[in-house]
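[1] Could you look at this predicted model? Sequence included:
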Amino acid sequence: MNASFISSANNALAILGAPPTFGEPLPVGQLYFPTWDAYERAFRELFARQYYTNQGPLADRLEVLLAERMKVKHAICVTNATIGLSMVADALGIEGSVVMPSFTFVASAQAMVWSKLRPAFCDIDPQTHHMNLEQLDRLLAQGASAVMAVNLWGDTYDMPALEEVARRHGVPLFFDSAHGFGCAFKGKPLGGFGKAEVFSFHATKVMSTGEGGCITTDDDDFAERLRNIRSSYGVRAQIKVYRTANGRMSEAQAAIGLLNLENIDDIIERNGRLHQCYRDGLQSLPGLTVRVPTHADKSNWQYLILEVSPDEFGLSRDQLHAVLQKEGVIARRYFNPGTHRCPPFDRISPTLLQETDLLCDRVLQLPLGAKTDEAIVGRIVGLLQTAHHFAARIRTTLQEADRGRESMR
Amino acid sequence: MKRASKQALGDLHLHGGPKLFEIPISTSNLVRPDVERFLAYSRQFYDAGQYTNNGPLVQELERRLAAFHQVSHCVSFSNGFWALVLAIRCLALPSKTEAVMPSLTYRRLGDVVNWAGLVPRFCEVDERTLAISAETAAPHLGSKTALIIGVHPIVNCCDAAGLEHLAQTHSIPLLFDGVESVFETLGGRKIGSFGQAEVFSLHASKLINGFEGGYLTTNDADLAERLSAMRGFSFSGPDRVLELGTNAKLNEMHAAMALASLDDLEAQVDRNHERYRIYQRHLAGLDGIRLLTFDESEQTSYKNIVVELTEAWPLSRAQTVRHLNAEGILARAYYSPPLHSKPTDYPVIAGPMPLTERLAERYLLLPCGHLTSLGDIEAVVDFLRFLKIHSQAILEADA
């Protein structure tokens, strides 16, 4: 451990009385954005063109470039990934339940409910953070209409193994790849797996349109159904669909997307460097494990995910979260609570989600993106080392604060 | 632009002549606010480094719109469609299934109701307003009614006060779709404050251009709070989810655009007024086409141009639209076909609707908005006059 980071003073951390490390809170997401000059130029052109939405030239261009990059036939831009997931579920034309992990952002499950489907939650494999394929197999045997797999953290599933399970039960497989833009499995980019994949271009993601996303598929008919669900604009053939959804992406979103896409390789490389910085800094610190891809051979490195082992580190995930919050580091507890513990899903009779529950209590996302650099990562690593060093004192402080709150009641 | 006027049948584009408008003109507003203002607003979110998730411009826009509509709360959304879905879901009476709504309305409104988990129950409209009224809604209220959706028509407003009275009498929630009535007043009261809530669009084709977007106005603080959460996955704080939600957040670029459009609104209404006056003046002498006039005793945006083809008009509406469109005049049939006559795979409830069916055959939207010049309007009316004068020959040739 690099002792130079650790102050021996009693008030080494904000939680122990020191001023916070970051006066301006440090955000957690990617938050890459075009330079002001590029933004201004793009929007002056847009204003001159007077084409604002309804699948304009920028949205068309973005779709072509995205499809090329992901080596997939169709990329269909949408207002955001959640609506995109609902559109995919609608386009599948299925009823009943869809097997999916609970260890995912709550929107994955919400999107299914809007499309009149019931999530059937599958537990995860703690090694991969992805669905336990044996349990998936058992759940599908009980009867389900589809599988939604979530490619988490810039990693991918073991694709052939997953595809084999879905094929055995004859159900469609699609992906929530909200985290997955830029990742690849055995050289094949995400985007071309399953019936369809849905990507998020939210500002916190590696590829940003502010809000936004896209659906990818190699199936011509399915793509056309999706375009018809999105809106009448941008369809290539009119197809009768159950209902439309207004999932359009505006020219403004597409303009941001095109600019960000120009820099995406640099962004991913920069993410990779910062990720490596964290790993180098934390490798000798007990009780903290930095998540690295298990199956992706190319990652976007957009998430710095820590697993906290309280016994070894000295603090629980929640205690560490409190320490960082006081320092102005916005760390996120993912996924807390687990989707199966959020209404309305807490009323669904749970299958055994033991590993999900364990992991929901241990995972912490740290800042990595446009607002972080090597020096900031260094300071965060220093904070983590200091927190470990003073773990006992921090525990006492937090317990006293808890008791104080109790007695106030 | 100087245009060769049509002299003979052969000048019609469908009969081999050149198009009247090489660049088509449409019924979409497509108002272009001042780019410098848009950039100045953009600078605020850019400097704050916040691009969405209830950013500084979304908050400013919501404050401005609440003040504009003279209500206590405004909640913005990614578009009007999802604003309606979420609002219906919040307002619908629990365990009730039917949304009473007009059939002569926005073509996607049935889909909206289905996403919200209800069954559209279609009602007739009032012939004078072309909109739902207390009289047309009342026969459809019953033990399954979850809410009433009052939709303001494209010109002027529906009898919102009458609907409020009906809804109150029956203790049924009332939501307004005010998409076409952003600027209007009714009895001097701003549209936006009627019923439990009203929903508006910020789509580029509407009065306030926010690229894409929507918003809801209400005086109900609990409803506003619930919807603010629901549009962001129903999160209340970073680690707590209250109920089913989705992503229907408005981003900061769109909010910047809406704010710049809002700054231009009074001036835009003046420009709309000028366009409307030209239509009014030139159509006055054209028997067979009746312009729907704005109620100028109220505030109005003068944006939409709707005409009725009367008995004196010699061509069918379909034929008229075909010729207009062929010339690059993207006139559109008014809410046609009505929703009850379009087959859907989801359930709807519709009885006989003779009035709606008759009205759905008679009205036409003519080009308006930012890209339609005063000269364009004169050319459109001249062309309509040409169609009328040559109607006999057109009827024979088209047959």
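    Nice, I can see it. Residues are numbered from 1 along each chain as shown, chains lettered A, B, ... in the order given.

[2] ok, now which ones touch residue 245?
    With no chain named, the answer covers chain A. Neighbour list for A:Ala245: A:83, A:86-87, A:90, A:229-231, B:81, B:111, B:115 [criterion: CB atoms under 8 Å, 6 or more residues apart in numbering or on different chains]. Any C-beta I mention is one placed from the backbone N, CA and C, and that applies to glycine too.

[3] that's the other chain; I wanted chain B
    A:106-107, A:110, B:229-235.

[4] And the pLDDT for A:Asn10?
    With respect to pLDDT, A:Asn10 has a value of 54.

[5] what do you get for A:Asn54?
    pLDDT at A:Asn54 comes out at 96.

[6] which element is it on?
    A:Asn54 belongs to no helix or strand when elements are defined using DSSP states H and E.

[7] Count residues in the vicinity of it, would you?
    By the criterion of other CB atoms under 10 Å in any protein chain shown, A:Asn54 has 18 neighbours.

[8] Was I right to think it contacts A:Met249?
    No. Look at A:Asn54 against A:Met249 with CB atoms under 8 Å: they stay out of range, at 10.1 Å.

[9] Not counting residues beside it along the chain, what's closest to B:Leu86?
    B:Met230 (5.2 Å; CB to CB, 6 or more residues apart in numbering or on different chains).

[10] what residue ranges in the chain score low on pLDDT?
    All of this refers to chain A. Counting by pLDDT under 70, chain A has low-confidence residues at A:1-11, A:349-351, A:409.

[11] oops, I was thinking of chain B
    B:1-4.

[12] at 80 what do you get?
    Filtered on pLDDT under 80, chain B yields the residue ranges B:1-4, B:399.

[13] list the contacts for A:Ala252?
    Taking CB under 8 Å, 6+ apart, we find A:Ala252 in contact with A:43, A:46, A:52-53, A:210, B:211, B:253-254, B:257.

[14] Which members of these occur in helices, if any?
    Mapping the contacts of A:Ala252 onto helices (DSSP state H) picks out A:43, A:46, B:253-254, B:257.

[15] just those now: which is nearest A:Met408?
    Comparing those against A:Met408 with CB to CB picks out B:His254 as the nearest, at 43.5 Å.

[16] For residue 85, pull up the helix or strand it's in.
    Since you didn't name a chain, this refers to chain A. Going by DSSP H and E, A:Leu85 is in helix A:81-92.

[17] Actually, chain B is the one I wanted.
    Going by DSSP H and E, B:Val85 is in helix B:80-91.

[18] wait, is B:Ile148 part of a strand?
    Yes. Counting by DSSP: H, G, I helix; E, B strand; the rest coil, B:Ile148 is located in a strand.

[19] Run a quick neighbour tally on it.
    B:Ile148, neighbours per other CB under 10 Å, totals 30.

[20] contacting residues around it?
    The contact partners of B:Ile148, taken as CB under 8 Å, 6+ apart, are B:99-101, B:132, B:137, B:141, B:163, B:166-167, B:172-175.

[21] ok, what's across the strand from it?
    In this structure, B:Ile148 bridges to B:Val100, B:Leu174 when assessed by DSSP bridges.

[22] Next, name the residue at the spatial heart of the chain.
    Just so you know, I chose chain A. Nearest to the geometric centre of chain A sits A:His179, at 3.9 Å (CA atoms, centre = their mean).

[23] my question was about chain B
    Centroid-nearest residue in chain B, with CA atoms, centre = their mean: B:Glu180, separated by 3.6 Å.

[24] and that one, what helix or strand is that in?
    B:Glu180 is located outside every helix and strand, with elements delineated by DSSP H and E.

[25] Run through the neighbouring helices and strands of the helix holding A:Leu85.
    helix A:106-114, strand A:146-150, strand A:173-176, strand A:196-200, strand A:213-217, helix A:220-230 (3 or more CB pairs under 8 Å, 6 or more residues apart in numbering or on different chains; DSSP states H and E).

[26] Quick check: residues of the stretch 251-399 of chain B near chain A?
    For the stretch 251-399 of chain B, the residues found near chain A under the criterion CB under 8 Å from any CB of the partner chain are B:251-254, B:257, B:344-346, B:370-371.

[27] In contact with the closest residue to chain A within the stretch 1-150 of chain B: list those residues for me.
    Residue nearest to chain A within the stretch 1-150 of chain B: B:Phe81 (3.6 Å; CB to the nearest CB). For B:Phe81, the contact set (CB under 8 Å, 6+ apart) comprises A:245-246, B:108, B:112, B:214.

[28] and of those, the nearest to B:Ala312?
    Checking those against B:Ala312 with CB to CB, the nearest one is B:Arg108 at 33.8 Å.

[29] For B:Arg121, which residues count as its bridge partners?
    Listed by DSSP bridges, the beta-bridge partners for B:Arg121 are B:Val100, B:Ile349.

[30] Near chain A, which residues of the stretch 1-150 of chain B are found?
    Near chain A, when you scan the stretch 1-150 of chain B using CB under 8 Å from any CB, you find B:30, B:32, B:35, B:38-39, B:42-43, B:46, B:49-53, B:78-82, B:108, B:110-111, B:114-115.

[31] and if we set it to 6 Å?
    B:32, B:35, B:39, B:51-52, B:78-79, B:81, B:108, B:111, B:114 (CB under 6 Å from any CB of the partner chain).

[32] farthest pair in those?
    Farthest pair in the residues of the stretch 1-150 of chain B next to chain A, by CB to CB: B:Leu39 and B:Asn114, 40.1 Å.

[33] out of these two, which sits in the busier spot?
    For B:Leu39 versus B:Asn114, neighbours defined as other CB under 10 Å are more numerous around B:Asn114 (22 against 18).

[34] Nearest residue to the more buried one in space, ignoring adjacent ones along the chain?
    Going by CB to CB, 6+ apart, B:Asn114 has B:Tyr346 as its nearest residue, at 4.7 Å.

[35] Secondary structure element holding that neighbour?
    Applying DSSP H and E, one finds B:Tyr346 in no helix or strand.

[36] tally of neighbours for it?
    Taking other CB under 10 Å as the criterion, the count of residues near B:Tyr346 is 13.

[37] for B:Thr344, same thing?
    Every residue meeting other CB under 10 Å relative to B:Thr344 is counted, giving 15.

[38] That one: what secondary structure?
    Going by three-state DSSP: B:Thr344 is coil.

[39] Which residue comes closest to it once chain neighbours are left out?
    B:Gly110 (6.3 Å).

[40] tell me the strands in the stretch 201-350 of chain B, going along the chain?
    In the stretch 201-350 of chain B, the strands defined using DSSP state E, counting those that start in this stretch lie at B:214-218, B:289-291, B:305-309, B:329-330, B:332-333.

[41] CA atoms only: put the third one into PDB for me.
    The C-alpha trace of strand B:305-309 is given here as PDB (Å, rounded to 0.1, in the frame of the first residue of the first chain):
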ATOM      1  CA  ILE B 305     -55.800  26.800 -40.800                       C
ATOM      2  CA  VAL B 306     -58.800  24.600 -41.000                       C
ATOM      3  CA  VAL B 307     -61.400  24.900 -43.800                       C
ATOM      4  CA  GLU B 308     -64.700  23.100 -44.400                       C
ATOM      5  CA  LEU B 309     -65.600  22.000 -47.900                       C
END
